Every structure is written in C-alpha cells, then in structure tokens.
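> have a look at this fold, sequence not included:
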C-alpha cells in the first residue's frame, strides 16, 4: 500500500495564513513548514500586530498562540469576532485542560491544539479548517464508487452492499464528508466520539481497521489509507 | 523577661480576674449585710426610744423627774440624751442644753446627723443621734435620745472581717494562678521548642502529650495528626517527584541516544528512522506529563462543574462499543450487561474516562482467550459500574498501592502504559465522592465504581 505524503496530495490554491506567535523558534518552524506546504504565510509577533493584520483583511486563516504579549490571543479573537472577521482561527496553547479548551472555543476560536503538537496534526487541522466539509443537508454522499445513503443508512461500493455497525457508519460518514483530506486520530476522537480524553490504547486504529476491512474488499483498490502514522484519508480509488 | 511572660500567661490572667471577681462579690455581700443590720438596729433603737418617750409624757412629773435622773446616772458610757422642759420652755432636768429647732414634737424617732448641744454630763462624741420629742399634758416637753455608736462599731467590725477574709483568699488565688501558669508556660515553652525544630525541617518529631486530655494535650494531638498528614503528603510528593524524574528520564535518554545516532548516520533512511523513533519516545514522555496534568485538573475542578444526570447503562454500553473491537482483536471475549436504566448524578465525560481506563486495563492484562465484562448494576440501592476480567489479578497486599501514581506491579512491568490509569480513576471517583472497590474474581480482578444514589 502506498503511503502518500501530505505534500503529494495538496491540490492547493495558495491560501493565506497568518501566524500570531511570540516564540521565535515555534514561529520559525510554523512559518517554514506552512510555506513548504504551499501556503502564503505572514507572521505577527504579538496580539496587537495580529489584530491589525487580520482587520486589514485578505487572510483565509489565522493560527494564534493563546498567550501573547500586549494583547492576549483570546482577547484578540474576541475583538476580531466583534468586528465581524469570520476567517477560521486555530488556537495554540500550552494550557491543555478541558476548561481552557472550552474557553478558547467560546472566545471564537474554531479549533484548539495543545502544545506540544505534531506538525502533521497541525497541518491536517489547517487543511480541514480551510476546506468546508460537504453540506450537512445532502442525503447521499459519494466518493469514487463508494456511495452512502444517509436516509436509508445504506452503503454500497459499486454493486456490493456494505453492512456497517452504527459507530462504523458514523465514522465512514465523517470520512466521506472530507474526501482526500487527512483526518487525524485526535480529530476522530473529538468529532466522532466526542471524547475529551485520550484513551491509553490506540483504539481508533482498531476501529479504522475494522472499517477498512469492510470498505476495501480483498481484490479492490484500497480507499482508506493511513497517513504517516498520524491519521487516515478516504480517497477515490484510481 | 520571664516575669513579664508569667504575668501575661493565660492561667495567671485567669487567676487575677478570679481574684478581682471574688473581691467584688465579697464586698457586695458584706455591704448588703451591713446595710441590713444597720437598718434593723436603727429601727430597734427608734422604736424603743419612742415607747419610752410616750410613757414619759404620760407619767406624773415627780416620778418622771426621778426616772430621768436615774437614766442619766445609769448612762455610764455617755450615750444617752435626755431633757424635760416645762410649759415655759425652761429645762427642768437633762443634759441637752439646746433642742434642735428642726426636731418635730411628734413622739416619733428622728435621726440627726449632728448631735444637739449638751452639758458636761452628756455624750462627748459627735456621732449621729436618734431623738424623740413628746409633748406632755401639762404643756411641758420630754426629749429622749441615743447615740448611734453601735452602727459605727459594726462598720469597724465589718471592715476588719472583710480584710481578714479577703486578702488571704486573693493572695492564694494569685499564687495558684502563678503556679499553674508557670507550669503551663513550661509546657508551652517545650511546645515552642519542638515546633521550632519541626520548622527547621525535623518533620519526624512530634509534640509531647501528658495524657491529661486537657486543652494543651488535645491541641498537641491535633497538631500531631496534622504533622502526620503533612509528612505523608510530603513523602508522596517526594516519591512522585522521583517517579516523574525516573519515568521521564528513561524515554528522554532513549530520545537522546536515537537523535545522536541520527546525527552521525551516513544514510538518510537510518537518520529518518532514528528521528521517528525519537519522536515516538518524546510522545511517550508527553503522555506522562499530560496524564499528570489531567489528574491535577480533575482534582482541582470544583464539585458542581459538569454534573448532570448520567445513565450508567448507556455509559457502559458506549464503553463496550468503544472497546469491543480491541478485545476481539486480542482474542478476548468481551460482554456487557446493562439492561436496566440506572440514573446517577455525575460528570459524564469524567465517568466515561474512568470506566474507559478500567476497561483498558482489563483488556491489557487479560490473556487471549480470557473474558472481560462490563456491567451497570444495583447492589441493594447503590448503583455501580463493574469491570471484571480473568487476568492475573492483584494481590490483596498490593491493592492499596496500585492506585498510587506511577505504581507498577511486578506483573505489569512488561505491559505498555504510563502507570497513571488507576490514579486517574481514583481522582475521578474522589471528585464524585464515589468509591473504587477491588475484589477477587477468582481468577482475575473485579473493579467496582460504587456510585451514590442521585439524591442521597
């Protein structure tokens, strides 16, 4: 099975991202990594600069540290949301408690990542935030020859019907709404299971293994692939 | 300095206050007795004089003169006053030379602060007097009186008794107070010295008690209990610190070695493999830190946060749904029995986390072909969630230790994990005021998360 790197699968228009981070090392890493992924990146050293840059417009997404000099990240986000700036914002924070996370999202953040984080996790989340998932109102989803009927709760791959348990159905639906996009284990835990804790054992792998076994038949081209040990991707079979 | 300390000590102050109170009370009692006696004495004298005067006013003049003469002669102490006037206000007999003008002639006793003027046979003192004046049928006037000397004498007696009784009592009270306070001070000084040594880091020392069950003893006992608790916590913190250092040092040193090898690797594949390995080890170190922070977070959350009605059966079913594929992959037969709806009050997310940790452990330790069961049930009125397995179990002697942070039983050394799972369960149980109970499944373990009924 081929393991595609994130670089290979980016069919990207050049999205503009603002990084608001005061730690020069982390900022450096973020900026160069994002540039390598093909984004256009600007950098702000503090909350006030970040606020000005976002207000000037033209940014598709912001990555903001929570603790910033002059104007802290949460206040900056609140002010931006009051101004009607709606670009998605990803909060980075060393504060990892459930309460901190809830406060961050309540202030207007769209996602929250605790330091230390894997760069791949960050990239996957940035990608997810830039792409809007498929409309929730749709009654059928289709990726390649995989088809999902949301009303009758039926799944077909070509002519073959796939029988899924409720949890597997939810998992596949989540993937089918984000085709060709890396979905990390943490994202699945948060969005499909709604868990606020990380289980000690890697349960997601087991669940995905079962789902993959059902979706990808023995002589079919695999649709569910692992991505660099961090997550999974559903893509149309070539 | 010690004398001032003695005067300031609580027992001495008590003794002084006692002395003052005793003096006050005694003076009040004596004053009352004095007042009552004086009143009675005056009434008695007055009544006697009035009776005498009324009699004298009715007697024939000759007899009266003789009697008055006898009265004066018999008055050896010179305490009596007497006088007889004819109708022309001429004194016929008696020692009063001038009748006070403000004395009413009404046959009733009257107290005068200043005695009337008298000749040489009358009283020589100037004490208050009791006088009675009566008009006779022949127009004359008879005046009789008496010095109130008993009252003065009584006052002297009282003062004497008061001094004799009170002074030794007060001195005794102060002495006892001084004795008690010096004894208490000695104990307090010893306590201070011991506390000083404890503050300087000698945490094993304890305050001495004397088996008297008095205030100081009880206070010392409480302080000793507090010291026990502090010592226990400190040793726990110390061992946690040691464990954190040790548990982080192991993966970090592996990281170091791998990175070192990556830097000197000649081919890119080795370098990238080594770096990837180092990353995985770093993640392990981070997971330890995350778990520790999580425990602190759970312990510090306020009691009311996130509490709602939770259906235990649904919760068990959800955990079963989550873990069943894992058990199956390991060849373990997993079952769930959660038919009846059991509602309790709790934090759903935390309870899920607790039960997930228990099931995670159960699957980890149960060998292939074994059995793991999760059940929501009622034991009498008490709802509980039970996770049982057919693994190696935990020795009774080890059951207290397994909930301690970082404790790894010998049986679990080879099993991956950060050794904090049960600590998290215990923290969650504590926050809910629930109880984690362990018992033998013969073979294997039974973990019961015993929940209180929703309303008491």
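Sure thing, it's come through. Only a predicted model underlies this, so the values are computations on that prediction, with no experimental measurement involved.

> now residue B:200: how far from residue B:235?
According to Cβ to Cβ, to the nearest Å, residue B:200 stands 18 Å off from residue B:235. Placement of C-beta: from N, CA and C, glycine included.

> try residue B:137
As judged by Cβ to Cβ, residue B:137 and residue B:235 stand 112 Å apart.

> neighbour-wise, which of these two wins?
Using other Cβ atoms under 10 Å in any protein chain shown, the more surrounded residue of residue B:137 and residue B:235 is residue B:235, with 11 against 7.

> for the more buried one, report the pLDDT, please.
Residue B:235 carries a pLDDT value of 80.

> any idea how far residue B:242 is from it?
Distance of residue B:235 to residue B:242, computed by Cβ to Cβ: 10 Å.

> secondary structure element holding residue B:131?
According to DSSP states H and E, residue B:131 maps onto strand B:129-135.

> repeat that for residue B:310.
Using DSSP H and E, residue B:310 maps to strand B:308-311.

> what is that strand packed up against?
Here strand B:308-311 touches strand B:343-346, helix B:348-365, going by 3 or more Cβ pairs under 8 Å, 6 or more residues apart in numbering or on different chains; DSSP states H and E.

> does the helix or strand following that strand reach chain A?
Next helix or strand after strand B:308-311 toward the C-terminus (DSSP H and E): helix B:312-329. Yes - interface with chain A: helix B:312-329 contributes B:321-323, B:325-326, B:329 (Cβ under 8 Å from any Cβ of the partner chain).

> break the chain down into its domains, please.
You didn't say which chain, so I picked chain A. Using automatic domain parsing, the domain ranges for chain A come out as A:16-130, A:140-234.

> that's the other chain; I wanted chain B
B:1-205, B:215-300, B:308-450.

> between those domains, which gets nearest to residue A:21?
Residue A:21 sits nearest to domain B:215-300 of all the domains of chain B, at 19.6 Å, using Cβ to Cβ.

> and the end-to-end length of the closest one?
Terminal residues of domain B:215-300 lie 35 Å apart, using Cα to Cα, to the nearest Å.

> can you list the low-confidence ranges for chain A?
A:1-13, A:133-134, A:238 (pLDDT under 70).

> what about the strands in it?
Counting by DSSP state E, chain A has strands at residues A:16-20, A:40-44, A:61-65, A:89-93, A:111-114, A:140-143, A:146-149, A:154-157, A:160-162, A:183-184, A:224-227, A:231-234.

> reformat these into a markdown table and put mean neighbour count and distance to residue B:106 next to each item.
Listed next are the strands of chain A as a markdown table, based on neighbours: other Cβ atoms under 10 Å in any protein chain shown; distance: least, Cβ to Cβ, whole Å:
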| stretch | mean neighbour count | distance to residue B:106 |
| --- | --- | --- |
| strand A:16-20 | 24 | 113 |
| strand A:40-44 | 18 | 115 |
| strand A:61-65 | 25 | 110 |
| strand A:89-93 | 25 | 107 |
| strand A:111-114 | 20 | 109 |
| strand A:140-143 | 16 | 128 |
| strand A:146-149 | 18 | 129 |
| strand A:154-157 | 18 | 131 |
| strand A:160-162 | 13 | 133 |
| strand A:183-184 | 24 | 121 |
| strand A:224-227 | 19 | 129 |
| strand A:231-234 | 22 | 124 |
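
> can you put these in a markdown table and add distance to chain B?
Formatted as a markdown table, these follow (distance: least, Cβ to the nearest Cβ, whole Å):
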| stretch | distance to chain B |
| --- | --- |
| strand A:16-20 | 22 |
| strand A:40-44 | 24 |
| strand A:61-65 | 18 |
| strand A:89-93 | 13 |
| strand A:111-114 | 8 |
| strand A:140-143 | 23 |
| strand A:146-149 | 20 |
| strand A:154-157 | 18 |
| strand A:160-162 | 16 |
| strand A:183-184 | 13 |
| strand A:224-227 | 14 |
| strand A:231-234 | 14 |
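
> with distance to residue B:51 as new columns, can the ones you listed be given to me in a markdown table?
Listed next are these as a markdown table, based on distance: least, Cβ to Cβ, whole Å:
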| stretch | distance to residue B:51 |
| --- | --- |
| strand A:16-20 | 116 |
| strand A:40-44 | 119 |
| strand A:61-65 | 113 |
| strand A:89-93 | 109 |
| strand A:111-114 | 111 |
| strand A:140-143 | 131 |
| strand A:146-149 | 131 |
| strand A:154-157 | 132 |
| strand A:160-162 | 134 |
| strand A:183-184 | 123 |
| strand A:224-227 | 131 |
| strand A:231-234 | 126 |
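
> can you count the residues close to whichever residue of the stretch 351-456 of chain B sits closest to chain A?
Among the residues of the stretch 351-456 of chain B, residue B:353 lies closest to chain A, at 4.4 Å counting by Cβ to the nearest Cβ. By other Cβ under 10 Å, the residues close to residue B:353 number 24.

> and for it, nearest residue in space, chain neighbours not counted?
Leaving aside its chain neighbours, residue B:353 sits nearest to residue A:197 (4.4 Å; criterion: Cβ to Cβ, 6 or more residues apart in numbering or on different chains).

> tell me the contacts of the one you found?
B:294, B:349, B:352-353, B:356 (Cβ atoms under 8 Å, 6 or more residues apart in numbering or on different chains).

> helix or strand right after the helix or strand containing residue B:437?
Per DSSP H and E: residue B:437 is located in strand B:435-440. Beyond strand B:435-440 on the C-terminal side, the first helix or strand identified by DSSP H and E is strand B:445-450.

> taking helix B:312-329 as reference, get the angle to that next one.
If you take axes from the mean of the first three to the mean of the last three Cα atoms, to 10 degrees, strand B:445-450 sits at 160 degrees to helix B:312-329.

> elements contacting strand B:445-450?
Applying 3+ Cβ pairs under 8 Å, 6+ apart, we find strand B:445-450 packed against helix B:348-365, strand B:382-389, helix B:421-432, strand B:435-440.

> just to revisit the earlier point, which of the contacts of residue A:197 sit farthest apart?
Among the contacts of residue A:197, the pair separated by the greatest distance (Cβ to Cβ) is B:294 and B:352, at 13.5 Å.

> and the helix-or-strand element of chain B with minimal mean pLDDT, what does it pack against?
Lowest by mean pLDDT, DSSP states H and E among the helices and strands of chain B is helix B:2-8, with a mean of 69. Under the contact definition 3+ Cβ pairs under 8 Å, 6+ apart, helix B:2-8 sits against helix B:149-199.

> for stretch B:378-391, what is the distance to the chain centroid?
42 Å (Cα atoms, centre = their mean, to the nearest Å).

> I meant to write stretch B:140-156 there.
61 Å.

> what are the buried residues along it?
Residues B:140-151, B:154 are the ones in stretch B:140-156 that count as buried (16 or more other Cβ atoms under 10 Å in any protein chain shown).

> tell me which of the residues you listed is nearest to chain A?
Of all the buried residues of stretch B:140-156, chain A sits closest to residue B:154, with 84.7 Å by Cβ to the nearest Cβ.

> contacting residues around that closest one?
Applying Cβ under 8 Å, 6+ apart, the residues contacting residue B:154 are B:34, B:37-38, B:41.

> so for it, what's the pLDDT?
Note for residue B:154: predicted pLDDT of 83.

> for it, give its distance to residue B:128.
13 Å.

> now swap in residue A:53 and tell me
For residue A:53, the distance to residue B:128 - Cβ to Cβ - is 107 Å.

> test my guess that residue A:20 contacts residue A:63.
Yes - counting by Cβ atoms under 8 Å, residue A:20 touches residue A:63, with 7.0 Å between them.

> what does the pLDDT read for residue B:412?
Looking at residue B:412, its pLDDT reads 58.

> one more: residue B:406?
Confidence score, pLDDT, at residue B:406: 65.

> same deal with residue B:360?
In this prediction, residue B:360 carries a pLDDT score of 91.
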